[in-house]
Structures are given as structure tokens and as C-alpha cells.
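Q: Just a sequence and a predicted model for now, questions to come.
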Amino acid sequence: MLEETIQKLRQNGALTPETAKTAEELGLPPRFQEAMKRRLGQSGIFVEVNGKYYLSEERLKQVEEMRRQGGGNPHPRGGMRNLRIARLLTAVLIVALLLINVFVQSWELRILTIVIVVAWVALTLMQIYQLSKARRRFSPTQ
């Protein structure tokens, strides 16, 4: 969808604030305007001026360069999803160990639980770091 939108703006000459056109003039779907309120608008590739849109070729080049340098991850949220799953599984393991420890009082289980809690905290910090890195990467001010 992104490539199609870029091509539509290029074909219609919407490349500067002066040549910006409405979504209707560009033949863009209604969901484009909704997407502009979220991540698509935050990327800075498409710029809105008084209800009209144009393509920022400069910002598009910056985003493409960042993707090339960053390994070209086609799914930037894939890492976040993996961290969420790891945190969830770690939390389930912690709860299971705590329940087992109710019936089997063992200092080894308590130490294991503490180690896993520390791992869960580390995963949480990694997720926060990834989120802040993703927000900086797609900030339109860059």
C-alpha cells in the first residue's frame, strides 16, 4: 500500500506544499487519512498542508536509508512482539514457580524464581528501549 500511495502522489505531481492535493484528488482510499493520524503521518513521508497532501522525497530517502542501515527489517514491530511473548512466558513461569513453592517449600525454587523475576525485569527494560528507539527512528523531525 505504501508503494502504491507513493506512486499516486508522484504521478499527480504532489511533491511540494504548492502542488499538494486532497486525498480525493489523488484517488487515495479513506483509510489513508486515518493512517495519517497514526504511524503513517508520524513517518513524515507524506505531509499534510491544509487538508492536502504531498510526498516528501527527502524524508522518503532518509527512511529508506535508515532501513538499509538497520538491516532492512520489513517488520519493525517484530522484535517488540517477540519481547512481549518472552515477557508473557516468563510471567507465567514465575506464577507457576510461586504456586509450586506453596506446596514444595524449597530455597532452590525461591532462588530460581528470583532469577526469573530478574530476567523478566531485563526483558521489560529491553522492550522499553526498543520502543523508544522505534519512536526516535520514525520521528518526523529527523
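A: Done, it's in.

Q: Do a quick rundown of the helices in this protein.
A: Along the chain, counting by DSSP state H, helices occupy 2-11, 23-26, 30-36, 39-43, 57-69, 78-103, 107-137.

Q: would you list those in TSV and tack on distance to Gly51?
A: C-beta here means a position set from N, CA and C on the backbone, and glycine is covered the same way. As requested, the helices of the chain are exported to TSV (distance: least, CB to CB, whole Å):
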stretch	distance to Gly51
helix 2-11	15
helix 23-26	9
helix 30-36	9
helix 39-43	13
helix 57-69	20
helix 78-103	33
helix 107-137	26
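
Q: Could you identify which of those has the lowest mean pLDDT?
A: Note on the helices of the chain: helix 39-43 shows the lowest mean pLDDT, a mean of 79.

Q: For that helix, buried residues please.
A: Leu40, Gly41, Ser43 (16 or more other CB atoms under 10 Å).

Q: nearest to Tyr54, of those?
A: Gly41 (12.9 Å; CB to CB).

Q: distance of the closest one from Glu4?
A: For Gly41, the distance to Glu4 equals 17 Å [CB to CB, to the nearest Å].

Q: do Val49 as well
A: With CB to CB as the criterion, Val49 and Glu4 are 21 Å apart.

Q: Using the record's assignment, carve the chain into domains.
A: 2-67, 75-137 (automatic domain parsing).

Q: Can you get me the start-to-end distance on the first one?
A: For domain 2-67, the first and last residues are 15 Å from each other (CA to CA, to the nearest Å).

Q: repeat for stretch 65-79
A: Taking CA to CA as the criterion, the two ends of stretch 65-79 lie 20 Å apart.

Q: residue contacts, Arg110?
A: Asn101 (CB atoms under 8 Å, 6 or more residues apart in numbering).

Q: hang on, I meant Met126
A: Leu83.

Q: Make residue 1 into 395 and carry on from there
A: Will do, 395 is the new start, and the previous item becomes Met520.

Q: Distance-wise, check it relative to Pro411.
A: From Met520 to Pro411 the distance is 40 Å (CB to CB).
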